[in-house]
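[1] I would like the atomic coordinates for the input below:
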Amino acid sequence: MAGKKNIRISFPASEKEYIPGEKNKIHVGVRRVTLSDTIVTDINGVKNVKKNNPVILYDTTGPFSDPKMDTIPQLGILRIKDDWNNRKKDQIKINNAFIAKKGKNITQLYYAKRRVITPEMEYVAIRENQQVEELGLKSHITPDFVRKEIAAGRAVIPSNINHPEAEPMIIGKTFLVKVASRISYGREVFLPENEVEKIVWRCKWGADLLIENDDDAHLTNTRELILRNSPVPYCTTPLFDALKQCDDPEKLKWETFRDVLINQAEQGVDCFVIHAGLLKKHLKQTEVRLTGIAEPAGIFLRNWMKTNNKENFLYTHFSNICEVLKQYDITLILGSALRPASIYDASDAAQFSELRILGELAEKAKEKYFIQVIVEGPGHTPLNKIKESVKEQQYICQQTPFFTAGPVSTDIAPGQEYIASAIGAAQIAWQGVSLISDQTVSTDKDAIKERLIAHKIAAHSADLAKGHPGSQVRDNALSKARFDGRWKDVCNLSLDPTKTAKSL
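    The predicted structure is shown next:
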C-alpha cells in the first residue's frame, strides 16, 4: 500500500488499555501511565522500595494511540459501532446510510426513557470511572445512572448512527467536563494525511468534540474524510453549508436547508447547532447594546428576517428540523445568536429573552421528539455574573446541558483571549456547564495545543471542585512524585510532558 501510512500518537510511559463491558460487547480505551518505584532510605541506610500503582487516564485518541490498529487516512479507522447498529431492530440501511425505520425512534433519550441501557450508555459509564473502583474509591456512575440522567434530559451522548468510528462520550453536569475544539481545514493542497493529522493533533491534547469552522461548511469531501477518521463526535452549523448553496443568501429557503440537514446527517455529523431562538421581537432589544449582534448566524438571521419580513425560518420550521434529527439520533445544540460580544452587554435583556425561547424549544424537542438537547450561551461574561447566568439557564431550560465558548471574562485580552476564556470556563463549569471551548479558530499547531491545554486545565479544575469520582487521582499521583523527586513521573503525568521536562 505505497504512499499510505499509519498516523500515530504516543505519550511517554503510556500504553493503550481496554476495559471490557459486562452487559455489552464493548471495549473502552484508556491510557495507562506506568510509574516508577518510590525508594526511601531509612536511618540505617537501608533502601526500601515501594511500588506505585499505574494511573488510568481518560483517553480521546481512539485507535491512533494503539500500535496494533490500522490508522490509514484513506481507509478510515475502526468502526466500533457497526456491530451495535446491525443488532438494532428499529433502524435500516438505505444508500449506505442508517436511518430509523418508519414510525420508529432510535435516539438515546428514547431508549433511556424506556429503561433500555444501550451499549453507548455502558461505554460512557466505564469511561467516566477510569477504573477508580480498583483503587478503593466509590463511584455512583453506573450504566443505569447514565440512563437516568439521559432520560431526565440532564445529559446527552452525541452519537449519530452514521458515525460508527466515534467513541461514545457523555455531556452533563454530573459527568466530567468536556472540551470542544474548533477545526479549520485551511486552504493548502489537499492531502488526506494533512487533514487527518489536524484532528489527531486535537485528540492528542484532549479534544472531546470537534466543531467545524463556519468558513469550511461547503467542503463536504473533506468533512467525509474527517468523519471516517474521527474518534470523537463532530459538530456543524448547517446554516453555513446552506448559505453556500445560494446565489443570494437572503433568499435562502427551507427546502435548501432541509437538504443540507439530510446530507450531513447521512455523512455522520453528531451535533447540529441550530439558532432557532432569535425572533423578530428580539431585534429591538439589541439596539441598546454596545456590540449589537456579533454571532455570524445571528447577523445573517437578522438580515434575513428584515429582508423577507418573516419570522426566523429555523423557528417556524423547528418541528421539521426535529423530524430529521430524530431519524439519525443527532444531538441538537440550540445556538445562541445573541451571545454577548462584550462585558458591557453581558446578561442583558436580549440574552435572556432568547434564552427563554431556547428553553421552550428544548422542552419541545425532548418531550415530543425524544431528541437529545444542549443549550448554548453565554459569551463575554464577568466573573460576578457567571453564577447568575448558569442558575437562570438551569431554571429556564430545566437542567438541559449547557455549552459555552468561553465565556471570556474580560475584553482586554485580544490575541490572548484563550486565557480569559479558560478563566471564565473554569468558573462556569464549576457552576454546572457541561461543555466548554475556546471562541477562536487556529491552524497553528502550537496555538491549538496551548488553547486546548488551557481549557483542559479549566475543565479538570471544575471536576475537582465538583468532586467527580476519581478526579483527584492524577493530582495526588503527580504531587507524590514531585515530593519523592521522581521527576520523570512528574513529566509523564502532566498535561504536556515535553514542556514540563524543559521546565524542570
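
[2] ok, now which ones touch residue 88?
    For residue 88, the contact set (C-beta atoms under 8 Å, 6 or more residues apart in numbering) comprises residue 106. For the C-beta atoms, the positions are set from N, CA and C on the backbone; glycine is no exception.

[3] redo that, cut-off 6 Å
    Contact analysis of residue 88 by C-beta atoms under 6 Å, 6 or more residues apart in numbering lists nothing.

[4] how near is it to residue 120?
    11 Å (C-beta to C-beta, to the nearest Å).

[5] equivalent analysis for residue 354, please.
    With C-beta to C-beta as the criterion, residue 354 and residue 120 are 31 Å apart.

[6] what does residue 466 give?
    23 Å.

[7] of these two, who's got more company?
    The residue with more neighbours, out of residue 466 and residue 120, is residue 120; 26 against 17, by other C-beta atoms under 10 Å.

[8] how far away is that one from residue 330?
    Distance from residue 120 to residue 330, by C-beta to C-beta: 14 Å.

[9] low-confidence ranges, the stretch 1-150 of the chain, go.
    1-3 (pLDDT under 70).

[10] now the strands for it?
    14-20, 27-33, 38-41, 47-50, 55-58, 91-94, 97-100 (DSSP state E, counting those that start in this stretch).

[11] now render the ones you listed as CSV, adding distance to residue 485 and mean neighbour count.
    Shown next, in CSV, are the strands of the stretch 1-150 of the chain (distance: least, C-beta to C-beta, whole Å; neighbours: other C-beta atoms under 10 Å):
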stretch, distance to residue 485, mean neighbour count
strand 14-20, 21, 16
strand 27-33, 18, 18
strand 38-41, 9, 12
strand 47-50, 14, 9
strand 55-58, 18, 20
strand 91-94, 56, 13
strand 97-100, 54, 20
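
[12] which of those sits closest to residue 402?
    Across the strands of the stretch 1-150 of the chain, residue 402 has its closest neighbour in strand 55-58 (20.6 Å, C-beta to C-beta).

[13] who are the packing partners of that closest one?
    strand 27-33 (3 or more C-beta pairs under 6 Å, 6 or more residues apart in numbering; DSSP states H and E).

[14] strand partners (parallel or antiparallel) of the strand it packs on?
    strand 14-20 (antiparallel), strand 55-58 (antiparallel) (DSSP bridges).

[15] please name the bridge partners of the most centrally placed residue in the chain.
    Closest residue to the average C-alpha location of the chain: residue 209 at 3.3 Å, with C-alpha atoms, centre = their mean. Judged by DSSP bridges, the bridge partners of residue 209 are residue 180.

[16] check contacts around it.
    By C-beta under 6 Å, 6+ apart, the neighbours of residue 209 are 180, 232-233.

[17] now name the helix or strand holding the closest residue to residue 427 other than its chain neighbours.
    Closest residue to residue 427 apart from its sequence neighbours, by C-beta to C-beta, 6 or more residues apart in numbering: residue 386 at 5.0 Å. Per DSSP states H and E: residue 386 is located in helix 383-396.

[18] about what we covered before: out of the contacts of residue 209, grab the one that's most surrounded.
    residue 233 (28 neighbours).

[19] so that residue sits against residue 270, correct?
    Yes: Residue 233 lies in contact with residue 270 (C-beta atoms under 6 Å); the separation is 3.8 Å.

[20] returning to what we had before: okay if I get the strands of the stretch 1-150 of the chain as CSV plus distance to residue 5?
    Listed next are the strands of the stretch 1-150 of the chain as CSV, based on distance: least, C-beta to C-beta, whole Å:
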stretch, distance to residue 5
strand 14-20, 19
strand 27-33, 22
strand 38-41, 40
strand 47-50, 42
strand 55-58, 27
strand 91-94, 31
strand 97-100, 29
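
[21] out of these, flag the one nearest residue 190.
    Of the strands of the stretch 1-150 of the chain, nearest to residue 190 by C-beta to C-beta is strand 97-100, at 24.0 Å.

[22] kindly format the C-alpha coordinates of that closest one as PDB.
    Extracted C-alpha coordinates of strand 97-100, given in PDB (Å, rounded to 0.1, in the frame of the first residue of the first chain):
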ATOM      1  CA  ALA A  97     -26.600   5.300   5.500                       C
ATOM      2  CA  PHE A  98     -28.500   4.200   8.500                       C
ATOM      3  CA  ILE A  99     -31.900   5.700   9.300                       C
ATOM      4  CA  ALA A 100     -34.800   5.000  11.600                       C
END
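
[23] start at 45, not 1
    Okay, residue one is now 45; in that scheme the one you just asked about reads as strand 141-144.

[24] quick one, helices of the stretch 95-244 of the chain?
    For the stretch 95-244 of the chain, helices defined by DSSP state H, counting those that start in this stretch occupy the ranges 126-131, 152-157, 163-173, 187-195, 236-248.

[25] closest to residue 65 out of these?
    Taking the helices of the stretch 95-244 of the chain one by one with C-beta to C-beta, helix 163-173 is closest: 5.0 Å.

[26] what is the orientation angle of that closest one with helix 187-195?
    Relative orientation of helix 163-173 versus helix 187-195 (axes from the mean of the first three to the mean of the last three C-alpha atoms, to 10 degrees): 110 degrees.

[27] packing partners for helix 163-173?
    Helix 163-173 packs on strand 71-77, helix 187-195, going by 3+ C-beta pairs under 6 Å, 6+ apart.

[28] these: which one's closest to residue 235?
    Comparing the helices and strands packed on helix 163-173 by C-beta to C-beta, strand 71-77 comes nearest, at 27.0 Å.

[29] for the closest one, the distance to its chain's centre please.
    19 Å (C-alpha atoms, centre = their mean, to the nearest Å).

[30] likewise for stretch 489-509?
    Using C-alpha atoms, centre = their mean, the offset of stretch 489-509 from its chain centre is 13 Å.

[31] check which residues of that stretch are buried.
    492-507 (16 or more other C-beta atoms under 10 Å).

[32] now stretch 437-444
    Under 16+ other C-beta under 10 Å, the buried positions of stretch 437-444 are 437-438, 440-441, 443-444.

[33] and for stretch 197-213?
    197-213.

[34] next: stretch 344-356.
    In stretch 344-356, counting by 16+ other C-beta under 10 Å, buried: 344-346, 348-349, 356.

[35] and stretch 293-308, by the same measure?
    For stretch 293-308, using 16+ other C-beta under 10 Å, the buried residues are 293, 296, 301-302, 304-305, 308.

[36] good, wrapping up.
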